[in-house]
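Colleague: Sequence and predicted model, in that order:
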Amino acid sequence: MRLTPLLLPKKVFAELASGGGGRDAVGRLWAAQDGKRLLLLRGVRDLATEDVERVRHAYDLLADLQEAAPEVVRAVLRYPTVGSWGLRTLQALAGEAPPAAWQDPAAMASLAAVAAIRAGRAATVEVPVLDGTVVLPSLGRAVVPGDARTAVVRTADGEAEISAGGVTVRVGEGPSWEGLRRIRAEHRGVAVEFVVDDVDPGRMPGARRQEERLSEADLHRWATTLQPAWEILVERHPLVAEETDAVVKALTPLVGPADGTASATSKLAFGNIGLSTPPDPHSFAVTLAHESQHAKLSGLLDLIPLTRPDDGSRYYAPWREDPRPLGGLLQGAYAHMAIAAFWEVERREPHPDELLLRAHTEFVRWREGTDAVIRTLRASGRLTPEGEVFAAGMADVMAAMGAEDVPAEATLRARGSAGRHLAGWRARNGEPPAGQVPAPATP
């Protein structure tokens with residue numbers, strides 16, 4: 001399978017540092033992921049010690065399909081869980097991490113089957129069965145007899161059937177097939193569509209994901225909340241809309257906390273974000289802005305290291321309950337820069353009083369907290385030369401935000417929240433490290 005070299009121009013790097021970049025920058029990050037995923041496949045093929053023939057057959061089929069239908073294979077390999085499966089499987093094969101059931105080298109055959117289906121190729125592929133299901137990434141899963149260890153996927157003319165234990169399931173048909181569902185929104189001719197992945201075992205590793213599938217009622221709620229959220233982004237945050245459409249392929253439902261919402265981005269599964277059920281359009285919109293920013297930085301870090309190797313130092317982050325390593329601090333600052341930018345725009349809109357106060361308050365809270373963390377990053381001595389340049393670009397953005405006037409009540413509320421968070425953090429963890437710059441605690 002072919003690799004292509006990738007260069008990231010300084011101009012694109014600077015645009016990413018300022019929080020932007022647009023579709024061009026995201027396209028370059030995806031191109032880097034293309035190479036990374038091809039290398040992961042090659043590594044899994046070379047290190048596999050079991051089911052070697054099946055793994056090599058799957059690799060060869062993917063290579064053959066890449067020659068005949070490169071765009072199809074690219075799209076299949078860009079599905080987010082391909083990244084998490086590939087890296088975790090390779091780590092397990094190399095003895096760097098304990099294996100899990102879904103980290104099976106033979107699952108490469110499932111990718112080959114999906115590529116054959118999408119390319120309209122006739123093929124017969126033996127795939128693994130996990131917990132009574134056959135998962136076809138980006139398509140869904142088939143329920144098969146629980147004692148079966150393998151299944152056979154037969155494809156032809158864009159259709160497929162899965163046979164195991166005397167049972168045959170047609171992909172896309174019948175009660176034994178659980179297809180992935182999609183939600184879509186469109187405004188002023190600008191559309192977005194996400195796969196809602198609530199079946200793939202490689203989705204959002206490490207996150208507290210919802211294990212049961214979303215009910216039809218909950219899926220409808222996600223879809224009907226996405227539409228006005230997308231309108232907010234297209235109307236007032238067009239660059240965020242552009243980047244979200246370019247970077248996010250799938251959404252994974254997470255378990256929500258007792259109070260508030262949860263969201264996450266996995267550096268392993270580029271293109272996937274996790275979130276709990278969005279309570280309102282603004283929350284959905286700002287979550288997309290926030291997590292798309294995380295995804296962009298994760299993609300950039302696969303190309304350019306911005307922090308030096310972790311030396312064990314831990315820092316206070318005004319959005320976390322636990323001390324954070326420098327890399328986590330950088331990720332949080334970059335994502336919260338996007339949150340501050342979102343509310344900077346929203347506070348200028350003729351919203352109802354309650355929402356307007358929320359917008360002003362969120363803007364103050366996260367411009368001050370983010371600015372403080374960026375200063376901590378720059379004072380740490382642990383950034384690479386590229387990281388210094390990147391943090392300087394972030395600092396310039398926050399300096400412009402810091403010059404803006406805000407209502408006194410919003411400042412009071414924001415700093416009150418920040419002070420309570422810092423007090424709680426101190427009670428759990430002690431004083432922040434010497435030299436860390438705290439955000440203002442009082443107006």
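Modeller: It's in. Numbers count the residues shown, from 1 in each chain.
Colleague: Every contact and neighbour count from this point should use C-alpha atoms.
Modeller: Noted.
Colleague: Point out where this protein drops to low pLDDT.
Modeller: 1-6, 434-435, 437-443 (pLDDT under 70).
Colleague: Domain boundaries for it, per the record?
Modeller: Using automatic domain parsing, the domain parsing of the chain gives 10-176, 180-304, 306-443.
Colleague: What is the end-to-end distance of the longest one?
Modeller: The separation between the terminal residues of domain 10-176, taken as C-alpha to C-alpha, to the nearest Å, is 51 Å.
Colleague: Quick one: the strands in the stretch 51-200 of the chain, in order.
Modeller: Assigned by DSSP state E, counting those that start in this stretch, the strands in the stretch 51-200 of the chain fall at 123-128, 133-136, 140-143, 150-156, 159-164, 167-170, 177-179, 181-187, 190-196.
Colleague: now the last one and strand 181-187, what's the angle there?
Modeller: So that's strand 190-196. 160 degrees (axes from the mean of the first three to the mean of the last three C-alpha atoms, to 10 degrees).
Colleague: returning to that earlier point: reformat the strands of the stretch 51-200 of the chain as a markdown table; add distance to Ala340 and mean neighbour count.
Modeller: A markdown table is the format used below for the strands of the stretch 51-200 of the chain (distance: least, C-alpha to C-alpha, whole Å; neighbours: other C-alpha atoms under 10 Å):
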| stretch | distance to Ala340 | mean neighbour count |
| --- | --- | --- |
| strand 123-128 | 45 | 21 |
| strand 133-136 | 39 | 25 |
| strand 140-143 | 37 | 22 |
| strand 150-156 | 48 | 21 |
| strand 159-164 | 47 | 21 |
| strand 167-170 | 48 | 16 |
| strand 177-179 | 37 | 20 |
| strand 181-187 | 24 | 16 |
| strand 190-196 | 23 | 18 |
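Colleague: For the ones you listed, give me TSV that also has distance to Asp405.
Modeller: Output for the strands of the stretch 51-200 of the chain, formatted as TSV (distance: least, C-alpha to C-alpha, whole Å):
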stretch	distance to Asp405
strand 123-128	59
strand 133-136	52
strand 140-143	50
strand 150-156	62
strand 159-164	59
strand 167-170	61
strand 177-179	50
strand 181-187	32
strand 190-196	33
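Colleague: Please identify which of these is closest to Asp353.
Modeller: Taking C-alpha to C-alpha, strand 181-187 is the member of the strands of the stretch 51-200 of the chain nearest to Asp353, at 25.8 Å.
Colleague: Which strands or helices does the closest one pack on?
Modeller: strand 190-196, helix 216-236 (3 or more C-alpha pairs under 8 Å, 6 or more residues apart in numbering; DSSP states H and E).
Colleague: Include distance to Val76 when you put the ones you listed into a markdown table, please.
Modeller: Listed next are those as a markdown table, based on distance: least, C-alpha to C-alpha, whole Å:
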| stretch | distance to Val76 |
| --- | --- |
| strand 190-196 | 13 |
| helix 216-236 | 24 |
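Colleague: Among these, which comes closest to Ala379?
Modeller: Closest to Ala379 of those is helix 216-236 (C-alpha to C-alpha; 34.4 Å).
Colleague: got the angle for the closest one vs strand 190-196?
Modeller: Computed by the same axes, to 10 degrees, the angle separating helix 216-236 from strand 190-196 equals 150 degrees.
Colleague: Output helix 216-236 as CSV, nothing but the C-alphas.
Modeller: C-alpha atoms of helix 216-236 as CSV (Å, rounded to 0.1, in the frame of the first residue of the first chain):
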residue,chain,number,x,y,z
GLU,A,216,-35.0,6.3,18.4
ALA,A,217,-36.4,9.0,20.6
ASP,A,218,-32.9,10.0,21.8
LEU,A,219,-31.6,9.9,18.2
HIS,A,220,-34.4,12.2,17.1
ARG,A,221,-33.5,14.6,20.0
TRP,A,222,-29.9,14.7,18.8
ALA,A,223,-31.0,15.3,15.2
THR,A,224,-33.5,18.1,16.1
THR,A,225,-30.9,19.8,18.4
LEU,A,226,-28.2,19.6,15.7
GLN,A,227,-30.3,21.6,13.2
PRO,A,228,-30.5,24.8,15.2
ALA,A,229,-26.9,24.3,16.5
TRP,A,230,-25.7,24.0,12.9
GLU,A,231,-27.7,27.2,12.0
ILE,A,232,-25.8,29.0,14.8
LEU,A,233,-22.4,27.8,13.4
VAL,A,234,-23.2,28.6,9.8
GLU,A,235,-24.6,32.0,10.5
ARG,A,236,-22.1,33.3,13.0
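Colleague: what does whichever helix or strand comes after it contact?
Modeller: Per DSSP states H and E, the first helix or strand lying C-terminal to helix 216-236 is helix 238-247. For helix 238-247, contacts defined as C-alpha atoms under 8 Å, 6 or more residues apart in numbering pick out 20-23, 26-27, 30, 192-193, 230, 233-234, 271, 288-289, 292, 295-296.
Colleague: Pull out the buried residues from the residues you listed.
Modeller: 20-23, 26, 30, 192, 230, 233-234, 271, 288-289, 292, 295-296 (16 or more other C-alpha atoms under 10 Å).
Colleague: Identify, from those residues, the entry nearest to Leu356.
Modeller: Of all these, Leu356 sits closest to Leu233, with 16.9 Å by C-alpha to C-alpha.
Colleague: Spit out the contact partners of the closest one.
Modeller: Contacts of Leu233 by C-alpha under 8 Å, 6+ apart are Val240, Ala241, Ala285.
Colleague: Check Gln103 too.
Modeller: Residues in contact with Gln103, defined by C-alpha under 8 Å, 6+ apart, are Trp85, Gly86, Arg88, Thr89, Ala92.
Colleague: Spatially, which residue comes closest to the second one, not counting chain neighbours?
Modeller: Spatially, and ignoring its direct neighbours in sequence, Gly86 is nearest to Leu40 (5.5 Å; C-alpha to C-alpha, 6 or more residues apart in numbering).
Colleague: cool, Gly43 as well?
Modeller: The shortest distance from Gly43 to any non-neighbouring residue, by C-alpha to C-alpha, 6+ apart, is to Leu90 (6.6 Å).
Colleague: how near is the one you found to Pro98?
Modeller: Distance check for Leu90 against Pro98: by C-alpha to C-alpha, it reads 11 Å.
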